[in-house]
Structure formats: structure tokens, C-alpha cells
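Q: Any chance you can model this:
(one chain, ligands or ions: 2)
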Amino acid sequence: MTKSVAVLGGGIGGLAAAHYLGRLRCCPRVVVVEATHRLGGWVSSTMHHDQVVFEHGPRTLRVVGNAGMNTLALAEELGLADQVKGVSYSHPSAKNRMLMVDGKLHRLPNSVKTLFTKSPPFSRPLALSGVQDLMAPRVVNNDESLFSFVNRRFGHEVAKYAIDPMSRGIFAGNARELSVNCIARRLHDVEQKHGSVFLGMFKDRKNAVKPDKNLSSVELVKRAKREKWAVWSVAGGLENFVKALENNILENNAEIWKNTPVKGILRRGGKLVIQTEEKELEVDSVISCLPSNTMSSVIQSVNPKLSALLSSIPYVTVGIVNLEYPGQLIEEPGFGYLVPSSEPNRVLGVIYDTCTFPQGDRTILTVMMGGYWFKELFGDDPPLESLLEEALAEIRQSLKIKVKPQRYHVRILRDCIAQYVVGHSETVLSARKLISELELPLALAGSSYDGVGVNDVIMSAKNAAASV
Ligand SMILES: Cc1cc2nc3c(=O)[nH]c(=O)nc-3n(C[C@H](O)[C@H](O)[C@H](O)COP(=O)(O)OP(=O)(O)OC[C@H]3O[C@@H](n4cnc5c(N)ncnc54)[C@H](O)[C@@H]3O)c2cc1C
Ligand SMILES: C=Cc1c2[nH]c(c1C)Cc1[nH]c(c(CCC(=O)O)c1C)Cc1[nH]c(c(C)c1CCC(=O)O)Cc1[nH]c(c(C)c1C=C)C2
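A: Ligands and ions are numbered 1, 2, ... in the order given. Okay, the predicted model is just below:
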């Protein structure tokens with residue numbers, strides 16, 4: 001039996017892993033080791049003195065899929081059900097996602113009807129791209145870029161105006177480098193098997209992932225279905241989810257070591273020794289929820305090959321500017337807009353925060369910039385004022401907001417999103433295979449491996465906890 005587990009990293013992944021270990025009641029000692037003075041990693045909310053909230057990282061969680069239902073179940077377990085705020089599919093924020101093309105905002109097609117009409121910037125109805133998929137020949141491969149896959153199956157415009165901006169709006173990444181096999185595996189699989197995405201999805205419908213019945217019966221999941229939620233958040237900001245997890249972990253007698261960066265790992269007999277600046281921790285098992293680039297240096301002395309595999313996963317840096325204005329300044333409400341990489345604008349996109357979750361008579365926007373293009377556009381270490389200026393120039397141009405914000409916040413989130421580039425699944429598989437061959441009592445979890453959304457991170461942590 002595993003007696004002690006170290007969970008490395010106190011982001012949402014590490015905290016979820018510690019929570020699930022507590023629930024499994026399998027290990028008398030669980031220690032979360034976190035480098036900084038705070039928990040949550042990229043989940044970070046500022047609650048101002050007047051209760052106004054700025055989100056600096058994630059802000060909405062998806063409901064769909066088993067991973068989506070699992071996070072709702074976790075929120076209920078943590079006693080957060082009353083604080084969960086759902087956004088239904090009929091809400092403008094769920095319906096209206098915009099694209100900025102040629103200096104104009106265009107609504108992305110969002111209904112069956114709009115698929116059959118021409119909606120700019122697309123020059124033909126999107127249904128015709130579906131027809132193209134039925135006719136385009138299959139190209140046999142193990143993996144390719146998202147852009148090239150969509151380009152050859154659905155045409156250049158779908159790749160340019162749908163896949164390219166979506167890759168920026170989730171990975172802050174370049175669709176020409178991200179992996180289809182990893183990010184849209186099912187679409188790629190059915191094409192490889194049946195020669196067409198649409199035909200394949202139809203023929204292969206029996207193999208679609210089935211909803212987990214245990215999760216479907218959770219009260220909060222039932223409420224989300226009844227009220228047709230697309231996404232949700234927590235009152236007071238998503239960091240309250242982190243606080244609830246922290247309380248729960250401490251109630252289950254786990255230890256949380258803050259301000260304790262992990263420097264290395266040693267193998268001692270069948271155990272692993274976690275090395276920090278001040279002390280060592282000998283444990284039976286380790287769950288690493290560290291970013292893969294950090295884990296790469298931590299694991300170097302145990303196995304350089306594993307370290308090299310982990311260091312091959314690239315990351316991007318995102319500049320994020322929260323802006324607050326008095327009054328309601330958004331003319332066409334929605335989630336926000338994305339900018340395709342082919343446009344001259346210097347931002348990735350803008351989120352209309354207060355359209356999704358109003359906060360009195362004010363408008364809060366979040367401008368995101370950089371990502372894959374950060375260094376090329378802004379250099380290595382731009383002053384925060386220059387990012388603020390970039391954000392204000394964009395807002396002036398796109399939304400015609402010329403007044404000064406009454407409050408703002410600027411951050412550079414260094415290496416904040418792992419890029420699942422072509423070959424990512426192979427890299428992760430090889431790393432896990434090597435761990436198993438070396439008989440290392442180690443599990444890799446978190447946003448570097450199995451999905452970058454909070455839901456996927458929590459699911460990855462749950463699986464890791466079950467594996468020890
Ligand atoms: C700008 C932005 C917007 C996003 N928006 C959304 C969204 O709307 N919806 C959504 O679902 N997801 C979103 N995401 C993704 C999601 O926030 C992240 O994928 C998720 O929070 C990552 O969690 P994690 O625990 O895997 O990693 P992290 O948050 O990176 O946590 C890792 C932890 O390890 C710690 N650490 C690092 N080095 C060491 C060390 N040597 N020793 C000990 N500890 C160490 C760090 O301090 C950190 O606390 C967004 C991400 C970003 C950056
Ligand atoms: C412009 C940059 C970014 C915006 N959001 C993110 C970046 C880098 C990060 C991000 N956003 C989402 C996720 C999680 C995805 C998941 O697997 O759950 C991450 C890592 C949520 C999200 N954002 C958009 C979509 C379509 C999704 C998926 C969930 C959902 O349907 O809500 C699109 C989008 N992102 C941004 C904007 C402005 C935008 C659309 C207008 C900002």
C-alpha cells in the first residue's frame with residue numbers, strides 16, 4: 001500500500017490531485033509542495049475593496065463532456081453549489097463570439113440557419129465546407145497541424161477564420177503548429193478510418209464517448225442540464241474554487257507546504273526523495289502537477305531521457321490587461337472577439353467580462369496579447385505600460401471606447417500555456433512509458449499533458465490520484 005504521496009505544484013491540478021487522494025483514503029500522508037506564497041497557479045482573481053472582480057487567468061469552465069460534469073461534481077462536493085453561476089446557451093455571451101476582420105466585428109455562425117447563409121468574413125455558406133469534407137480525399141498520417149487538417153478537409157477560409165482564431169483563443173497558439181491528433185483527435189481518427197469527418201462521425205457514432213452515469217446523477221450537473229448551461233464560474237471569482245479546495249484538503253489532514261520550490265528528485269530504494277532548499281521529503285509516490293518544463297529540470301538526475309522528453313514541450317507567454325470603465329459600453333453583447341493571425345491587430349482577442357457576468361453599472365474587458373507571437377511583437381521583457389497602451393489602442397479602434405479606464409491591471413504570464421504541437425501525444429505517451437519501464441512511482445498530471453482547460457486538468461489529476 002502507498003503510505004505517503006507528494007503532490008508537486010499547488011495549481012488547480014495539484015490541489016485537485018490532493019483532494020482526490022483524500023477522497024480515496026488510500027494514503028495516510030499527502031503533502032502538496034508549492035513554490036510560491038499562494039495556491040491556484042494560473043487561476044487568479046482580484047477582489048477589489050468594492051467587491052469588483054478581475055480575473056487574471058481562466059474565467060469560465062465548460063459544462064459539456066465527462067470532464068465538464070466532473071468539475072461540477074467537484075464544485076458540489078466542495079459545498080460551492082450555491083455560489084456557482086451558470087451561463088445558458090441562449091445568453092448573448094454563449095451565442096455571440098465575434099471575429100475581428102478588416103477592422104470590423106463579425107459574429108461567428110451560431111445556428112443551423114446561419115450555416116446555410118453567407119456570413120462574412122466567410123465568402124460562402126459554411127454548409128458548403130461540409131460538402132467539401134464529403135468529397136476531399138483522405139490523407140493517411142499519424143498527425144498533422146490543425147490548420148493543415150482543416151484546410152484540406154473544410155477549405156482555407158474555415159482554417160483561416162475559425163481554426164486559426166480558436167487556436168489563439170484557447171492555446172494563444174499557432175494553428176499551423178498545434179496537433180490535430182491531440183486537440184481534435186476524434187475528427188482526425190474518423191477521417192483516417194472512414195475518409196471523411198462528417199461521414200466518419202455518423203458511421204462511428206457508436207464509439208463516441210458515453211456520458212458517465214455517476215456524474216449525470218449529481219444535482220449540480222442535473223441543474224446545469226435543466227438550465228442548459230454552456231459555461232459557469234464561481235461568485236467572487238474562480239479563485240474561490242481554489243480556496244474551497246485548499247480548505248477541503250486541510251480538513252482531510254493533508255499538508256500544504258507553500259514557499260517551497262522543488263529543486264530535484266532522487267531515487268532511494270523504492271522511494272522518491274523530494275529535494276527543496278531547506279528540507280527533503282521521502283515518499284512512496286509522487287504526482288507531478290508541475291509544468292513539464294519545470295519537471296524536466298527537477299527529474300534530470302533521475303533520468304535525462306525523461307527530462308529531455310519533458311523539455312521538448314514548448315510554452316507561450318501571454319500579456320493580459322484588465323480594464324474597467326463606468327457604464328455599459330458594449331454595443332453588441334457577447335463573449336468577446338478573437339483576431340485571426342492574418343490581421344494586423346497586435347492582440348489575440350478581447351473578452352467582454354461583464355457581458356457574461358455583470359458587475360453593476362460598469363464594463364470590464366480583458367485584452368489578451370502575445371502568446372506564440374509575444375517575443376516577435378513585444379520583445380523579451382516589455383514594460384507593463386507598453387502593454388497597457390497596446391490594449392487601450394485596440395479598444396479605441398475596435399469598440400470606440402476613448403475614455404480612460406477607471407481601474408486597470410496588467411500582467412505578463414510567462415510560459416503560461418503548454419503548446420500541444422504536432423507529435424505531442426507521442427511525447428506524452430513516451431514519457432509515461434519510460435516512467436513505467438523505469439518503475440518510477442511517479443504520475444504526470446496537469447495542463448502540460450492531457451488538455452489545457454481547467455476541466456481537463458482536474459480530470460488528469462483525478463486519474464493520477466487513482467493510479468497511485
Ligand atoms: C490567460 C489564461 C486564460 C485561461 N482561460 C481559461 C478558461 O477560461 N477556461 C479554462 O478552462 N481554462 C483556462 N485557462 C487554462 C487553465 O487556467 C490552466 O490550464 C490551469 O489553470 C493549469 O493548472 P495546472 O495546475 O496544471 O498548472 P499551473 O496553474 O501552472 O500550476 C502549477 C503550480 O506549480 C507551481 N510550481 C512551479 N514550479 C514549481 C516548483 N519548482 N516547485 C513547486 N511548485 C512549483 C506553480 O507556482 C503553480 O502553482 C487559461 C489559462 C491562461 C493562462
Ligand atoms: C485570446 C486569448 C485567449 C482567450 N482565452 C484563452 C486565451 C489564450 C484561454 C482559454 N480560454 C478557454 C480555455 C479552455 C478551453 C477548454 O478546453 O475548456 C482556455 C485555455 C475557454 C474558451 N475560450 C474560447 C472558447 C471557444 C473556449 C472553450 C470553452 C467555451 O466554449 O467557452 C474562445 C475565446 N477565448 C478568448 C476569446 C476572446 C474567445 C472568443 C471570443 C480569450
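Q: Apart from its neighbours in sequence, what residue is nearest Glu277?
A: Once flanking residues are discounted, Glu277 sits nearest to Lys263: 6.4 Å by C-beta to C-beta, 6 or more residues apart in numbering. From N, CA and C alone the C-beta is placed, and that goes for glycine too.
Q: And that neighbour, its phi and psi?
A: Lys263 adopts backbone torsions of phi -100, psi -30, taken as degrees, to the nearest 10.
Q: ok, it touching Thr276?
A: Yes. Look at Lys263 against Thr276 with C-beta atoms under 8 Å: they come within range, at 6.0 Å.
Q: out of these two, which sits in the more crowded spot?
A: Thr276 (16 against 12; other C-beta atoms under 10 Å).
Q: shouldn't that one be in contact with Thr260?
A: Yes. Using C-beta under 8 Å, Thr276 is in contact with Thr260, at 4.9 Å.
Q: can you list residues touching both of those two?
A: Jointly contacting Thr276 and Thr260 under the rule C-beta atoms under 8 Å, 6 or more residues apart in numbering are Val33.
Q: still on that earlier bit, enumerate every residue touching the residue nearest to Glu277.
A: Here Lys263 is in contact with Gln275, Thr276, Glu277, Val298 (C-beta under 8 Å, 6+ apart).
Q: What of His19?
A: Counted by C-beta under 8 Å, 6+ apart, His19 has contacts Leu74, Leu245, Asn248, Ile249, Asn252.
Q: which residue packs closest to the second one, ignoring adjacent ones?
A: In other words, Leu245. Per C-beta to C-beta, 6+ apart, closest to Leu245 is Leu15, 4.2 Å.
Q: Assign the one you found to helix, strand or coil.
A: helix (DSSP: H, G, I helix; E, B strand; the rest coil).
Q: Now do it against ligand 2, distance only.
A: 18 Å (C-beta to the nearest ligand atom, to the nearest Å).
Q: For this structure, what lies in contact range of ligand 2?
A: Listed as neighbours of ligand 2 in the chain under the rule C-beta under 6 Å from any ligand atom: 60, 62, 97, 166, 168-170, 172, 231, 318, 335-338, 348-351, 368, 451-453, 455-456.
Q: What's the local residue count around Lys400?
A: Lys400 has 9 nearby residues by other C-beta under 10 Å.
Q: gap between it and ligand 2?
A: Taken as C-beta to the nearest ligand atom, the span from Lys400 to ligand 2 is 18 Å.
Q: distance of that residue from Tyr325?
A: 12 Å (C-beta to C-beta, to the nearest Å).
Q: How about Asn252?
A: Counting by C-beta to C-beta - Asn252 and Tyr325 are separated by 43 Å.
Q: And those two? Which one has more around it.
A: Neighbours per residue, other C-beta under 10 Å: of Asn252 and Tyr325, the larger number sits with Tyr325, 21 against 14.
Q: Quick one, which of the residues of the chain next to ligand 2 are buried?
A: Among the residues of the chain next to ligand 2, the ones that count as buried by 16 or more other C-beta atoms under 10 Å are 60, 62, 97, 166, 168-169, 172, 231, 318, 335-338, 348-351, 368, 451-453, 455-456.
Q: and those, which of them are in helices?
A: Judged by DSSP state H, those include Met166, Arg168, Gly169, Asn455, Asp456 as members of helices.
Q: I'd guessed the first one sits against Leu338; true?
A: Yes. Here Met166 reaches Leu338: they are 7.3 Å apart, a contact under C-beta under 8 Å.
Q: Tell me who's in contact with the residue nearest to Leu24 when sequence neighbours are not counted.
A: Nearest non-adjacent residue to Leu24, counting by C-beta to C-beta, 6+ apart: Ala465, 6.3 Å away. The contact partners of Ala465, taken as C-beta under 8 Å, 6+ apart, are Ala17, Tyr20, Leu21, Leu24, Ile287.
Q: Buried subset of those as a PyMOL selection?
A: The buried subset of the contacts of Ala465, as determined by 16+ other C-beta under 10 Å, is captured in PyMOL by this line:
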select buried, resi 17+20+21+287
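Q: contact partners of the lowest-mean-pLDDT helix or strand in the chain?
A: Lowest mean confidence among the helices and strands of the chain (mean pLDDT, DSSP states H and E): helix 112-115, at a mean of 85. Here helix 112-115 makes contact (C-beta under 8 Å, 6+ apart) with Pro109, Pro125, Leu126, Ala127, Gly130.
Q: which of those sit farthest apart?
A: Pro109 and Gly130 (11.9 Å; C-beta to C-beta).
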